[in-house]
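In: Sequence and predicted model, in that order:
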Amino acid sequence: WVRGGGNGGHTTLTATNGTLTLGTLAGLSFAFNDANGQADGDGTSDANMNFRGLVPAVNAALAGLRFTPNANFNGASVLTITTNDLGNFGPPPSFPVTDTDTIAITITPVNDAPTLDLITALNILEDSGSQTIDLTGITIGPVNEAPQTLVVAATSSDPTIIPNPTVTYTSANPTGTLTF
């Protein structure tokens, strides 16, 4: 019915492993509850949504449809689009006609950044000798990226004050040390 004339219908969108955002909300209704269905979602960042509108408004909304996968998810996802003309097409008595389409989506993994807890500001007295501080919160990133080898290194922005910082770290451990 989305290719039909100016009569309205009901559209249901469902996404697995992510959310959907319509390209525009103009001319759509997300406020109904009747024998033909109940509204769901608001058209922005919804995993499921049910809305109604005239064909041109629904076409415009679907033309800009955007899928956003869940954080750190990779693998298979499915977008299901169900349209129902609510009996608005054909001579009376016209019965509702429904069409369902599915779109397979594959989300490829990305290499997320590793983590390291922020090192708090240090106040060190002049001539106080060698310093060692603990490094914590070291990870390779999300667990779905294991196994990876991580190297932690340090450089000094002012070698006249801290000439040779040294990191002691073994990959996959959550802690290490920085000596200078």
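Out: Cool, the structure landed.
In: Quick one: neighbours of Leu28, just the number.
Out: Neighbour count for Leu28, taken as other C-beta atoms under 10 Å: 22. Glycine gets a C-beta too; all of them are placed from N, C-alpha and C.
In: same question, Ala61
Out: Neighbour tally, Ala61, other C-beta under 10 Å: 23.
In: tell me the contacts of it?
Out: Leu22, Gly23, Thr24, Leu25, Ala26, Leu28, Gly43, Phe51, Gly53 (C-beta atoms under 8 Å, 6 or more residues apart in numbering).
In: ok, the fourth one touching Asp46?
Out: No - with contact taken as C-beta atoms under 8 Å, Leu25 and Asp46 are classed as non-touching, separated by 11.5 Å.
In: ok, Gly9 - contacts?
Out: With C-beta under 8 Å, 6+ apart, Gly9 has these contacts: Trp1, Val2, Arg52, Gly53, Val55, Val58, Thr83, Asn84, Asp85, Leu86, Asn88.
In: And for Leu62?
Out: Taking C-beta under 8 Å, 6+ apart as the test, what Leu62 contacts is Val2, Thr11, Leu22, Gly23, Ile81.
In: Mind checking what secondary structure it has?
Out: Recorded secondary structure, Leu62: helix (DSSP: H, G, I helix; E, B strand; the rest coil).
In: And it, how far from Val151?
Out: Using C-beta to C-beta, to the nearest Å, Leu62 is found at 47 Å from Val151.
In: what's the answer for Ser128, then?
Out: Counting by C-beta to C-beta - Ser128 and Val151 are separated by 29 Å.
In: Retrieve the pLDDT associated with the most far-flung residue of the chain relative to its centre.
Out: The C-alpha centroid of the chain is most remote from Asp127, which lies 50.3 Å away (C-alpha atoms, centre = their mean). Reading off the confidence values, Asp127 has pLDDT 84.
In: Would you confirm that Asn155 contacts Pro165?
Out: No, residue 155 isn't Asn; it's Thr. Yes - contact criterion C-beta under 8 Å: Thr155 and Pro165 qualify, at 6.9 Å.
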